[in-house]
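Visitor: got a predicted structure plus its sequence, pasted below:
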Amino acid sequence: MQFRIDAKDNNRKARAGIIQTDRGAIETPIFMPVGTLGTVKAVHQRELLNDIKAQIILGNTYHLYLRPGMDVLLQAGGLHAFNGWKKPILTDSGGFQIFSLSKIRKITEEGVTFYSHIDGSKHFFTPENVMDIQRIIGADFIMAFDECTPYPCDYSYAKESLRITHHWLDRCWDRFNSTEALYGFEQVLLPIVQGSVYKDLRIQSAEYVCTKDSFAYAIGGLSVGEPADEMYEMTNVVTDILPEHKPRYLMGVGTPENILECIELGIDMFDCVMPTRNARHGLLYTYDGIINIKNSKWKYDFSPIDERGICYVDTEYSKAYLRHLFSVDEILGAMIASVHNLAFYLDLVKTARKKIIEGQFSEWKRGILSDITRKI
């Protein structure tokens, strides 16, 4: 893989680049739709390609390990062959899911014992077998096994968790470098910076992951309940340390505002369930503001969902029709809203890239934030 920086913001750390992979180029900054179980919920592959214009999607190690299972994915030839997505995929190592299963898991130096949320069966993840699982999944970008600390989190817990995460990273690194990709496409391993909201721990972790000469680096453990200002502060601290010539991925972030602020802090890659999860509840993101399409005010509004026509659904369907679909619990409503929200997110980062290249990013960001964050 290769990463090229094409332009930088005049005043801050924002940059526009291109990641070249065996499965195609990714223009950064980029948003990655989340396909936890091998699919982006309520969205066809053709819509991801043609309307949303996604360049990379996510899968999740924990969920794919449980269903459909590694035997199915191995026989299929990996997740790309299984779901038909030909462009790059990134897999989360499962650390966040194990964090969310705090009542049914146990963390030790060796790994994590957990019980399936599906049938209660017992399983054990180690840094080594998580690397093996992600080799079988066949994602282009695979994540180191880590512990995502909760918020709030006391300092002593965060410090011990970071020690274990770094120890696990060493083991992931050794296992990854002693094994080969299974399907003829290059895979790269991303170490993850942790440390909660403690500056000294974040610095320590960023410096430690830099000892691994990886293609790219991730920042985890943010957007887990902490105030946005603390997220931005920790992101800024870490991007000051991570190599400038390598891609930086901020995991699980976030709102359109979060994304623009963190692009300005030097982040290249983002993912979040927010656009699709909120779409299924009738919340739409637009350049004019945030719409709750279930509100009665849209009952007689026959204007397009978004007159800019970011994707086909924005001019094909009206607000009144979409509201009707939600009012009768028609699944098409969730599908239309999901396509719209993802198309908005991808258009937002595409425009951010354009503004960085033009040297106008910071001014543009300041000008649109009040519009895209207001409720209409």
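Guide: Happy to help now that I have it. Residues are numbered from 1 along each chain as shown.
Visitor: host element of Y249?
Guide: Secondary structure assignment for Y249, by DSSP states H and E: strand 248-250.
Visitor: how far off centre is that strand?
Guide: 9 Å (C-alpha atoms, centre = their mean, to the nearest Å).
Visitor: wasn't I291 part of a strand?
Guide: Yes - the assignment for I291 is a strand, going by DSSP: H, G, I helix; E, B strand; the rest coil.
Visitor: the nearest residue to it once chain neighbours are set aside in helix, strand or coil?
Guide: Once flanking residues are discounted, I291 sits nearest to L284: 4.2 Å by C-beta to C-beta, 6 or more residues apart in numbering. Any C-beta I mention is one placed from the backbone N, CA and C, and that applies to glycine too. Judged by three-state DSSP, the three-state class of L284 is strand.
Visitor: please report the distance of L284 from R323.
Guide: 11 Å (C-beta to C-beta, to the nearest Å).
Visitor: which neighbours do those two share?
Guide: Jointly contacting L284 and R323 under the rule C-beta atoms under 8 Å, 6 or more residues apart in numbering are I293.
Visitor: on that earlier part again, quick one: mean pLDDT over the strand holding Y249.
Guide: Mean pLDDT, strand 248-250: 98.
Visitor: likewise stretch 272-292?
Guide: Here the average pLDDT along stretch 272-292 is 98.
Visitor: what are the C-alpha coordinates of that stretch, in CSV please?
Guide: Provided in CSV are the C-alpha atoms of stretch 272-292 (Å, rounded to 0.1, in the frame of the first residue of the first chain):
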residue,chain,number,x,y,z
CYS,A,272,-19.5,5.7,12.8
VAL,A,273,-22.9,3.9,13.0
MET,A,274,-24.6,7.2,13.5
PRO,A,275,-25.7,8.0,10.0
THR,A,276,-27.4,4.6,9.5
ARG,A,277,-28.6,4.1,13.1
ASN,A,278,-30.2,7.6,13.2
ALA,A,279,-31.6,7.1,9.7
ARG,A,280,-33.6,4.1,10.9
HIS,A,281,-35.2,6.4,13.5
GLY,A,282,-36.0,9.1,11.0
LEU,A,283,-33.2,11.6,11.5
LEU,A,284,-31.7,13.0,8.4
TYR,A,285,-28.5,15.1,8.0
THR,A,286,-28.5,17.8,5.4
TYR,A,287,-26.5,21.0,4.6
ASP,A,288,-29.5,23.0,5.8
GLY,A,289,-29.7,21.2,9.2
ILE,A,290,-30.9,18.1,10.9
ILE,A,291,-34.4,16.9,10.0
ASN,A,292,-36.7,14.6,12.1
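Visitor: how about it: buried residues?
Guide: 272, 274-276, 278-280, 282-286, 290-292 (16 or more other C-beta atoms under 10 Å).
Visitor: hang on, R353 in a helix?
Guide: Yes - per three-state DSSP, R353 lies within a helix segment.
Visitor: residues contacting it?
Guide: For R353, the residues meeting the contact criterion (C-beta under 8 Å, 6+ apart) are A16, E27, T28, P29.
Visitor: need the residues that contact the strand holding Y249.
Guide: For strand 248-250, contacts defined as C-beta under 8 Å, 6+ apart pick out 90, 141, 190, 216-219, 222, 235, 239, 242, 262, 266-270.
Visitor: wait, Y65 sits on G94?
Guide: Yes - counting by C-beta atoms under 8 Å, Y65 touches G94, with 7.3 Å between them.
Visitor: quickly list what T28 is bridged to.
Guide: On the basis of DSSP bridges, T28 is bridged to G17.
Visitor: adjacent strands (with direction) for the strand holding Y249?
Guide: Strand 248-250 pairs in its sheet with strand 217-219 (parallel), strand 269-271 (parallel), by DSSP bridges.
Visitor: okay, now the unreliable bits of the chain?
Guide: For the chain, residues meeting the criterion pLDDT under 70 lie at 99.
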